[in-house]
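Peer 1: generate coordinates for the sequence data below:
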Amino acid sequence: MNDEQNISPPDKGGQGGVEPSKCEKCDEYLAGWKRALADYDNLQKDLARERTEIRTRVKQDVAHQLIAVLDNFDQAAKFQPDGLGKELEVWLKGLMHVKSQLEGVTREMGLEAYGAVGEIFSAQLHDAGGERSEEDKADQEILEVVSRGWKLGDRIVRPAKVIINNKH
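Peer 2: Model (predicted):
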């Protein structure tokens, strides 16, 4: 006997011998599967976008809290009394080291401080807390930084509060 089987070719009528009602059912299942797959892909994209938004909001909330702590360090450093004893100077130096560590953490988060004396005022970056007039300085030049501004990436978390030169 021969090992070859006698196989008849499929019906050339378009469906390979499958009943038209079964073929329609297959197409219906395929369309439903494709819709479900598209819905699932859209869900994944929506969830990824939502996770990113949540991370950004959490980062901003933490940034605001860290900024408040750093502001307190800055204010304390401005009013450091003269004539501190040796022990108190060493303690203060350690405290300022803690501040620098905290600033390192903010940099790692992508939080960046800005606003320096000598820069030109920009309404997008700065909040004018006051004006003075100094003839040897450029108009709208920042004379004093009351509190630093902060950016998280390209987004401004808090504008720098500054005193500007007004020659008018």
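Peer 1: going forward, measure contacts and count neighbours with C-alpha atoms only.
Peer 2: Will do.
Peer 1: can you pull out the helices in this structure?
Peer 2: Using DSSP state H, the helices of the chain run over 20-78, 86-109.
Peer 1: which residues touch residue 60?
Peer 2: By Cα atoms under 8 Å, 6 or more residues apart in numbering, the contact list for residue 60 reads 152, 157.
Peer 1: residue 123 is nearest to which of the helices of the chain?
Peer 2: helix 20-78 (20.5 Å; Cα to Cα).
Peer 1: taking their axis directions, the closest one and helix 86-109 sit at what angle?
Peer 2: 160 degrees (axes from the mean of the first three to the mean of the last three Cα atoms, to 10 degrees).
Peer 1: what pLDDT, on average, does helix 20-78 get?
Peer 2: For helix 20-78, the mean pLDDT works out to 91.
Peer 1: equivalent analysis for stretch 118-129, please.
Peer 2: 94.
Peer 1: do you know how far the spatially most central residue of the chain is from residue 117?
Peer 2: The centroid of the chain falls nearest to residue 56 when counting by Cα atoms, centre = their mean (4.8 Å). Remark: distance between residue 56 and residue 117 (Cα to Cα, to the nearest Å) = 30 Å.
Peer 1: isn't residue 160 right up against residue 126?
Peer 2: Yes. Taking Cα atoms under 8 Å as the definition, residue 160 is a contact partner of residue 126 at 4.7 Å.
Peer 1: tell me which of the two has more neighbours.
Peer 2: Taking residue 160 and residue 126 together and counting by other Cα atoms under 10 Å, residue 160 has the greater number of neighbours (27 against 23).
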